[in-house]
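**Q** Show me the folded form of this:
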Amino acid sequence: MEEAAKLLKMALDQCRGASVSEIRFISGMSAAFVDEGGPHFIDVPYLSTERVGEIHELCRSLAEGPVEGSGATTTYAFSLRQFGRLLCKYQRQGNVASLVLVRDADAEETVDAIRPKKRPSLRAEAKPESKRKGD
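**A** Numbering: from 1, shown residues only. Next up, the predicted model:
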């Protein structure tokens, strides 16, 4: 599971700041992300069916709300601070497993709605009270 966490973090780190629409983990291939230019493979070894399953279990542990589907096809969502809300779809057929993380179109609004707005800091200076006559 530790190796799965490293792969997931590596994929997310490479996608940070880019306008990525989805991240793909498919057994028998390297991990990839998709942006306006199409799919781009990440420089990692080919993924095994077991490794894709481990990444899926890791993502599923972060799921918000119900996890829908059976063991062969599962759908759920979770949020990450740097990405917003991600919709996940895991499928397994025979020896092939795939996990696709798609950025929710409403992700920024959803995360902003959940995260409270930061209040402005107070910057007033305290001034000592002047001595009153007769004290």
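**Q** can we go C-alpha only for contacts and neighbour counts from here?
**A** Noted.
**Q** mind listing the helices in this structure by residue range?
**A** Secondary structure of the chain (DSSP state H): helices located at 2-15, 49-60, 107-114.
**Q** Report the buried residues of the strand with the most length in the chain.
**A** Longest strand in the chain by number of residues (criterion: DSSP state E): strand 84-93. Buried residues in strand 84-93, counting neighbours by 16 or more other CA atoms under 10 Å, are found at G84, R85, L86, L87, C88, K89, Y90, Q91, R92.
**Q** Check stretch 38-45 too.
**A** In stretch 38-45, counting by 16+ other CA under 10 Å, buried: P39, I42.
**Q** end to end, how far does it reach?
**A** Terminal residues of stretch 38-45 are spaced 20 Å apart (CA to CA, to the nearest Å).
**Q** Stretch 22-33 too?
**A** Its start and end residues considered, stretch 22-33 measures 6 Å (CA to CA).
**Q** What mean pLDDT does that stretch get?
**A** The pLDDT scores in stretch 22-33 average 94.
**Q** do the same with stretch 47-57
**A** Mean predicted lDDT for stretch 47-57 stands at 94.
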